[in-house]
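Enquirer: I'd like to go over a predicted model; first the sequence, then the structure.
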Amino acid sequence: MMTDYKHTLNLPNTPFPMRGDLAKREPGMLQEWENRQIYQQLRTHAQGRPKFILHDGPPYANGAIHIGHAVNKILKDIIVKSKTLSGFDAPYVPGWDCHGLPIELKVEEKLGKAGDKVDAFVFRKACREYAAEQIDLQRKDFKRLGVLGDWENPYLTMAFQTEADIVRALGRIATNGHLHKGAKPVHWCTDCGSALAEAEVEYADKTSFSIDVRFTVADEAEWLQRLPEAAGQGELSVVIWTTTPWTLPANQAVALNPTLDYVVVQTLSERLLVAEALLASVLQRAEMTEHTVLARCTGDKLEGLLLQHPFYARQVPVILGDHVTTEAGTGAVHTAPGHGQEDFVVGLKYGLPVDNPVGGDGCFLPNTELFAGESVHKANPHVLEVLTERGKLLKAEKLRHSYPHCWRHKTPLIFRATPQWFISLEQNGLRKQALEAIQGVKWIPDWGKARIEGMVQNRPDWCISRQRNWGVPIALFIHKETGELHPQTAALIEAVAQRIEQEGIDAWFRLTPEELLGKDAVDYDKVGDTLDVWFDSGVTHAAVLERRADLRFPADVYLEGSDQHRGWFQSSLLSAIGTRGEAPYRTVLTHGFTVDGKGEKMSKSKGNIVAPQKVTDSLGADILRLWVASTDYSREMSVSDEILKRTADAYRRIRNTARFLLANLNDFDPATDLVAAADMLPLDRWAVDQAAQVQDKVLAAYDNFHFHLIAQEVLNFCTVELGSLFLDITKDRQYTMQAGSRGRRSAQTAAWHILNAMVRWLYPVLSFTAEEIWQSLPGEKSQDFVLFTQWYDGLFRLDEADKLSAGEWSYVFALRELISKQLEDVRVAGQIGAGLDAEVVIYYRQVGVEVNHDPLLKLGEELRFVLITSGVHLHDVVDVPEDAVEVLDQVFVRVVRSKHGKCTRCWHHREDVGSHAQHPELCGRCIENIEGTGEVRQYA
RNA sequence: GGGUCUAUAGCUCAGUUGGUCAGAGCGCACCCCUGAUAAGGGUGAGGCCGGUGGUUCAAAUCCACCUAGACCCA
């Protein structure tokens, strides 16, 4: 009998599932989108809109994607999608970086070295195939994340067209006068037999010899002229300290700091010159206790004096350099321009020879006196032996320190001067232009500017040569005698590029100089080096942005991890300046690295790695996307199981809010049931107003790329304004009023507007869920997918004409919260269970207050619906009884258990329950809703 | 060692130019509901704002140093 009336209620109902089951259902949705070709359709839709170009930084085509890749692509996707909803034509062309050493090494593992066990052409073909496989694997994972893009037509740096354009870009840099051939010390891996880019160098601990060596003065008389007090007994030597004994054969000078104080000390048998600040540590190391300081002077007094090389018959000068410090050593620096960057620079200043006695295999060249043929790594003890024999070794120890290693082989690198191609930062003002261009770019966060500025300011010339097989060739011809570029270089480059367009980079390796140069061929060499892969990806602004019809130069946004200030941001900037004098991007966004819950780097050994594939296969891509969106990406991004669990909690709340809204729109058809804004009930107008405010914040946050604020904002809205207030309060109206009544349709109209707005807020982040909601949204839709729409414009704000102002609502809800506390006290005391068991009496100042200015009086009888209690009674404060609680200044509340019977239909306790013979269990309001013309609501 | 950053409740984040700024949501505990139910509502307990010194009438908010962490470089 009690359940008889349940069928007279309009209970929520929806096929939209409470649980997302994302891991299971997302793949099906992806398939559907792919079948429908939504990316291609979107391009048609967006045609003619203003363009927004986000240029993809290409991941390297090797290995499974990790969480950092996922973060990067998801952030890009959020931007592209939000810009689409903002009315832009925002294409997304993903790319891959395909050439280079890591792929070559993978292929070497299978085939052996090119030119050794396998023909170079076969080898390159294998590299190409390997890269293509890797791309397929990565693409599959990227798509699974819900990232929308032109996946069937991505850009690849190994595409023939792109390879050709890379060569053309090199040509432009050459013709613009930035190319430079030089012998410079570069990081050299003896295992690779190649120079390494800075990005290919890793630092790791290594134990080295640490030796102090005597450089005895060549002509003591000359020294004493400058420094008469240095007269004494025994040989006079300058002491140098080095951790690379094998570089001594290439020594060309000893550097002192011009402003540091140096002393000559007399020991038992000799005189030594070192920096005063380091004297104590040197003597201690050499175990010399007896000493007297004979002389003292600054380094600049000694410039140009000659020293005897410790084992070769040559004299080397004392030179000056600010790079000499007192951090370690002796304050006198052994200088071998062929083996060190700083040595090279200072050597340039003094015109020192760049002697490089070491071959590409890491062995001393055959003409090297004493050490011919020895490997540098093994020659150290021999050098020590020679030094000892000649009495030049003051002290030898072992030292553990951080030392550069090859990122692939993990072997220690050497610095070795070799002929290399460089993009010069100075020769034609590239550095200056780049620094100027940096000023015109917007860097987000703003410290990105200082970071790249500092790096560009200080970086050395860009060494673009690699002695490798799988790379775009440095397609140049140089004169055999003079080393000059061929005068027709521009035309030659274009001719080569055209061949590469047809056949790929093999075209260059197959080419004989005669084919292009004719008779000149005898005088010219074909350069055999390949390009640094950073050059490949760096010039995609030309090979991709300019080349593709759907894109354009410059891009609006580049977005990568903070490591790319040295990498892609910089290689792109330098190459764009070098080719066309303009930055390739207007805005550069940076995201931090992903770290674990403790803020520490992820590593296999720590076991704290979060794999994106694992997340999508368990929680779903939308959870991963929501995590990305909830995290402030401008700093380190923490992920852990707990964090993902919290994210999944937030997701469920958002999903269920949407589900409940849908469930209440079960019988709603906007075409016939939509209530005009002006006719909606005040509470419903308030809810739409709140949504409008949220939308303002959400759109601003998308605009400023502050996605984590969106996640917070939307969740708060779902929880507070909707869950706690609007949805809870309107349940009564939704369920108990006549289905087609204005009161109910008004609430549904608000829900419909809110859902329409919300589904779009969510779409850039929760793409799967948003589309799912969209499919369930009632009414004829203008578009099949959220993606094809734009931000919802059906929201509105409260205005002066509203019966209750925004401020009045705020007051009512603040009071409601205070009354909730009172209800809770009574509930805990066991007097009531649900709020509907209670009635509330409010005592406050009423005398002299106009009804029009009193929100409580205006709401009147309907206040009980706002408070979700069975009754509300308003009295003037003069009548306040003893047991009322003052919740606000001069506002007292008393909560009592209702003494009336409970209506079995609406659950309110009402005096009139039982007064109707036909329906003894119902209140009058319910009877009116069942049999009459239906109740009318004014406010809530 | 140098450069660029970060450090607010268990978690994710707000805290504009220093003065109700110690906040929100989640989680947690407890209560209620059973007509959003592997849901929903309510109440509550959690932070000396990484640490130490300064500047100031006043600092989470400015300065210095330290600690921990991240990226880049040597």
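Expert: Perfect, I can see it now.
Enquirer: all strands in the stretch 651-800 of chain A, in order from the N-terminus.
Expert: Ranges of strands within the stretch 651-800 of chain A: none, based on DSSP state E, counting those that start in this stretch.
Enquirer: need the residues of it near RNA strand B, please.
Expert: For the stretch 651-800 of chain A, the residues in contact with RNA strand B (C-beta under 7 Å from any atom of the strand) are A:652-653, A:656-657, A:659-660, A:663, A:708-709, A:711-712, A:715-716, A:719-720, A:722-724, A:727-728, A:731-732, A:735-736. The C-beta positions use only the backbone N, C-alpha and C, and glycine is treated the same way.
Enquirer: which of these are buried?
Expert: For these, a burial check counting by 16 or more other C-beta atoms under 10 Å picks out A:656-657, A:659-660, A:663, A:708-709, A:711-712, A:715, A:722, A:727, A:731-732, A:735-736.
Enquirer: Roughly how far does residue A:916 sit from residue A:902?
Expert: 15 Å (C-beta to C-beta, to the nearest Å).
Enquirer: and those two? which has more neighbours close in?
Expert: residue A:902 (18 against 15; other C-beta atoms under 10 Å).
Enquirer: Below-threshold pLDDT in the stretch 1-150 of chain A: ranges please.
Expert: Low-confidence segments of the stretch 1-150 of chain A, defined by pLDDT under 70: A:1-3.
Enquirer: Next to RNA strand B, which bits of it? Give me the list.
Expert: Residues of the stretch 1-150 of chain A lying near RNA strand B (C-beta under 7 Å from any atom of the strand): A:5-6, A:9, A:11-12, A:18-19.
Enquirer: Buried subset of these as a ChimeraX selection?
Expert: Buried members of those, defined by 16+ other C-beta under 10 Å, are picked up in ChimeraX with:
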select /A:5,9,12
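Enquirer: I'd like the residues of the stretch 1-150 of chain A next to RNA strand B laid out as CSV, including secondary structure.
Expert: Output for those, formatted as CSV (DSSP: H, G, I helix; E, B strand; the rest coil):
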residue, secondary structure
A:5, helix
A:6, helix
A:9, coil
A:11, coil
A:12, coil
A:18, coil
A:19, coil
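Enquirer: Out of the residues of the stretch 1-150 of chain A next to RNA strand B, the closest to residue A:285 would be?
Expert: residue A:19 (70.3 Å; C-beta to C-beta).
Enquirer: Now do the contacts for the residue lying closest to residue A:212 once chain neighbours are set aside.
Expert: Closest residue to residue A:212 apart from its sequence neighbours, by C-beta to C-beta, 6 or more residues apart in numbering: residue A:394 at 4.0 Å. Residue A:394 sits next to A:211-214, A:239, A:272, A:286 when contact means C-beta atoms under 8 Å, 6 or more residues apart in numbering.
Enquirer: Make sure residue A:410 is actually in contact with residue A:204.
Expert: Yes - taking contacts as C-beta atoms under 8 Å, residue A:410 lies within contact range of residue A:204: 7.1 Å.
Enquirer: ok, the buried ones among the residues of the stretch 651-800 of chain A next to RNA strand B vs RNA strand B, which is closest?
Expert: Looking at those and their distance to RNA strand B, the nearest is residue A:660, at 3.2 Å (C-beta to the nearest atom of the strand).
Enquirer: confidence score at the closest one?
Expert: As summarised for this prediction, residue A:660 has a pLDDT of 98.
Enquirer: what's it in contact with, if anything?
Expert: When contacts are counted by C-beta under 8 Å, 6+ apart, residue A:660 touches A:12, A:727.
Enquirer: ok, now how distant is it from residue A:776?
Expert: 12 Å.
Enquirer: same thing with residue A:454?
Expert: For residue A:454 relative to residue A:776 (C-beta to C-beta), the value is 52 Å.
Enquirer: Please identify which of these two sits among more neighbours.
Expert: Comparing residue A:454 with residue A:776 by neighbour count (other C-beta under 10 Å), the higher total belongs to residue A:776, at 18 against 11.
Enquirer: so what's the nearest residue to that one once chain neighbours are set aside up against?
Expert: Distances taken as C-beta to C-beta, 6+ apart put residue A:16 closest to residue A:776, at 4.7 Å, once the chain neighbours are dropped. By C-beta under 8 Å, 6+ apart, residue A:16 lies in contact with A:658-659, A:662-663, A:772-773, A:776.
Enquirer: Let's see that with 6 Å instead.
Expert: A:659, A:662, A:776 (C-beta atoms under 6 Å, 6 or more residues apart in numbering).
Enquirer: Which strand or helix spans it?
Expert: Using DSSP states H and E, residue A:16 sits in no helix or strand.
Enquirer: Quick one: name whatever helix or strand follows the top strand by length along chain A.
Expert: The longest strand of chain A (DSSP state E) is strand A:201-216. Counting by DSSP H and E, the next helix or strand C-terminal to strand A:201-216 is helix A:220-226.
Enquirer: Check which residues of that next one are buried.
Expert: Buried, per 16+ other C-beta under 10 Å, within helix A:220-226: A:223-224.
Enquirer: Would you map the helices across the stretch 651-800 of chain A?
Expert: A:670-673, A:682-703, A:707-716, A:727-736, A:742-762, A:767-776 (DSSP state H, counting those that start in this stretch).
Enquirer: Please identify the most buried of the ones you listed.
Expert: helix A:742-762 (a mean of 25; mean count of other C-beta atoms under 10 Å).
Enquirer: Render the CA-only coordinates of it in PDB, please.
Expert: The C-alpha trace of helix A:742-762 is given here as PDB (Å, rounded to 0.1, in the frame of the first residue of the first chain):
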ATOM      1  CA  ARG A 742       6.500  24.800 -15.100                       C
ATOM      2  CA  GLY A 743       8.300  24.200 -11.800                       C
ATOM      3  CA  ARG A 744       9.700  20.900 -13.000                       C
ATOM      4  CA  ARG A 745      10.400  22.000 -16.500                       C
ATOM      5  CA  SER A 746      12.200  25.000 -15.100                       C
ATOM      6  CA  ALA A 747      14.500  22.800 -13.100                       C
ATOM      7  CA  GLN A 748      15.100  20.600 -16.100                       C
ATOM      8  CA  THR A 749      15.800  23.600 -18.300                       C
ATOM      9  CA  ALA A 750      18.500  24.700 -15.900                       C
ATOM     10  CA  ALA A 751      20.000  21.200 -15.800                       C
ATOM     11  CA  TRP A 752      19.900  21.100 -19.600                       C
ATOM     12  CA  HIS A 753      21.700  24.500 -19.900                       C
ATOM     13  CA  ILE A 754      24.300  23.500 -17.300                       C
ATOM     14  CA  LEU A 755      24.900  20.100 -19.000                       C
ATOM     15  CA  ASN A 756      25.300  21.800 -22.400                       C
ATOM     16  CA  ALA A 757      27.900  24.100 -21.000                       C
ATOM     17  CA  MET A 758      29.600  21.500 -18.800                       C
ATOM     18  CA  VAL A 759      30.000  18.900 -21.600                       C
ATOM     19  CA  ARG A 760      32.100  21.500 -23.500                       C
ATOM     20  CA  TRP A 761      34.200  22.500 -20.400                       C
ATOM     21  CA  LEU A 762      35.000  18.800 -20.000                       C
END
